[in-house]
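Enquirer: Got a sequence here, can you build the structure:
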Amino acid sequence: MLLAIDVGNTTIAFGAFQGKKLKSSWKISTQSVFYKKAIKLPKNIDAAIISSVVPKVTPIIKKMVAQKYKIRPFVLGGNIKAPIKNLYRNPRQVGQDRLVDAVAVKELCGYPAIVIDFGTAITFDVISKKGEYRGGIIVPGIETSLNALSEKAALLPKIKLSPPKGLIGRDTVDSMRSGVFHGFGSLCDGIIAKLKAKYPGAIVIATGGHAALMTKYSKLIRKVDPNLTLHGLRIIYDRSSKER
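Expert: From the prediction side, this is the model:
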């Protein structure tokens, strides 16, 4: 089986693939890799591929996989590249997860396409009608914004992220929740509308921790795949295997 690992700023996502089928997936806190407690990993893994946007965590994950399975994992941006034309001015600046998402959408959904990834940051990435990675837009993530609000405003509390009771909050906590969910829903729709005007007919797909929640607050996000990045890693590994 193939173990796909997506290292994000907040969480690390794991996926075990048997061929093209995702047999199991799970997440852990990114900070947990620094704890003494060992991270539980599945058996019967004979290959692994890693995408990481946290440089200090990458070698820890590589070592963990190598010791557990006695294999050399593939690392995006290192000993394996994302098979998509990257039109960023400086291609090295693009987060590997964004390229992985682009590869997944191109393969599974078609193009042109707009992929939205809800994480510590929210990224909007565009795949052109030629199948190229054009670039995108980055805004602060939902929890990132909510945490910043409580840190910078003395009278606003730190709250748990959960949907509001309605549009108009009748206490401080619900007002904050309404602002976050309805605000980001409108933000997403505004950006998507501008991108679709530039790329008519573009498919829109969302992924990431808060993607499913946001479908209730966005009129333009309808297709969600929470495991899009893991599937992208599997696709990249499969293509690389055929070329070797």
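
Enquirer: contacts, neighbours, all on C-alpha from now
Expert: Will do.

Enquirer: packing partners for the top helix by length along the chain?
Expert: For the chain, the longest helix by residue count, based on DSSP state H, is helix 172-198. Helix 172-198 makes packing contacts with helix 142-152 when contacts are defined by 3 or more CA pairs under 8 Å, 6 or more residues apart in numbering; DSSP states H and E.

Enquirer: Buried ones in the helix it packs on, by neighbour count?
Expert: Of the residues in helix 142-152, 142-143, 145-147, 149 count as buried by neighbour count, 16 or more other CA atoms under 10 Å.

Enquirer: now swap in stretch 209-229 and tell me
Expert: 210-212, 214-215, 217-218, 220-221, 224, 226-229.

Enquirer: same deal with stretch 194-211?
Expert: Residues of stretch 194-211 classed as buried by neighbour count (16+ other CA under 10 Å): 195-196, 199, 202-208, 210-211.

Enquirer: How far does it stretch from one end to the other?
Expert: 20 Å (CA to CA, to the nearest Å).

Enquirer: can you start the count at 21 instead of 1 from here on
Expert: With the count now opening at 21, the last piece we talked about shows up as stretch 214-231.

Enquirer: what about it, distance to the chain center?
Expert: 14 Å (CA atoms, centre = their mean, to the nearest Å).

Enquirer: Check which element follows the longest helix of the chain along the chain.
Expert: Scanning forward in sequence from helix 192-218 by DSSP states H and E, the next helix or strand is strand 223-228.

Enquirer: That following strand vs helix 192-218, what angle?
Expert: If you take axes from the mean of the first three to the mean of the last three CA atoms, to 10 degrees, strand 223-228 sits at 150 degrees to helix 192-218.

Enquirer: And the pLDDT for the residue lying farthest from the centre of the chain?
Expert: In the chain, the residue that sits farthest from the middle, by CA atoms, centre = their mean, is Arg190; the gap is 33.3 Å. On pLDDT, Arg190 comes in at 95.

Enquirer: Can you tell me the SS state at it?
Expert: At Arg190 the chain is in coil, as set by DSSP: H, G, I helix; E, B strand; the rest coil.

Enquirer: who does Val135 bridge with?
Expert: Asp145, Ile225 (DSSP bridges).

Enquirer: Give me the subset of the buried residues of stretch 229-249 lying in strands.
Expert: Per DSSP state E, strands hold the following members of the buried residues of stretch 229-249: Val244.

Enquirer: can you redo the buried residues of stretch 229-249 as TSV with distance to Ala141 and pLDDT?
Expert: Below are those laid out as TSV (distance: CA to CA, whole Å; pLDDT from 0 to 100):
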residue	distance to Ala141	pLDDT
His230	11	91
Ala231	12	95
Ala232	16	93
Met234	14	93
Thr235	17	93
Tyr237	18	96
Ser238	17	97
Leu240	19	97
Ile241	17	96
Val244	17	97
Pro246	16	95
Asn247	17	97
Leu248	16	98
Thr249	15	97
